[in-house]
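> structure, please.
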Amino acid sequence: QVQLVESGGGLVQAGGSLRLSCAASGRTFDRLAMGWFRQAPGKEREFVAAVSWSGASTFYANSVKGRFTISRDNAKNTVYLQMNSLKPEDTAVYYCAANTIVRMTSDYDYWGQGTQVTVSS
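Just a heads-up that it's a prediction; the model follows:
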């Protein structure tokens, strides 16, 4: 089992930045691929970014490429999502997820509870 706890969400003006964190426990973190997903009201959950277990490979949705950066610190069992140049359409609940294989689809084995990000115009 893996437990994931997100933090760092909040309210920010358009153009601003936030950094989300996801702390993992319960299993060897440095053997897990990690992903970030988001779900806006009335919409399906969508992929945002993912990172391989080593951190060597990263993947992004086209909508966030160049603005968001995923990274991980295996010594701290934590994955981050740095979000810059935020737009109102980035408003959503952001979820952290863990899996043995890095994916850009939502079939991850473990999920956090989510953290709200609201971007005002």
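
> burial count for Thr91?
18 (other C-beta atoms under 10 Å). C-betas here are computed from N, CA, C, even on glycine.

> the residue nearest the centre of the chain: what secondary structure?
Against the mean C-alpha coordinate of the chain, by C-alpha atoms, centre = their mean, the closest residue is Trp36 at 2.6 Å. Per DSSP: H, G, I helix; E, B strand; the rest coil, the local secondary structure of Trp36 is strand.

> same check on Ile101?
Under three-state DSSP, Ile101 comes out as coil.

> ok, and the closest non-adjacent residue to it?
Leaving aside its sequence neighbours, Ile101 sits nearest to Ala33 (C-beta to C-beta, 6 or more residues apart in numbering; 6.0 Å).

> for that neighbour, give its distance to Met83.
20 Å (C-beta to C-beta, to the nearest Å).
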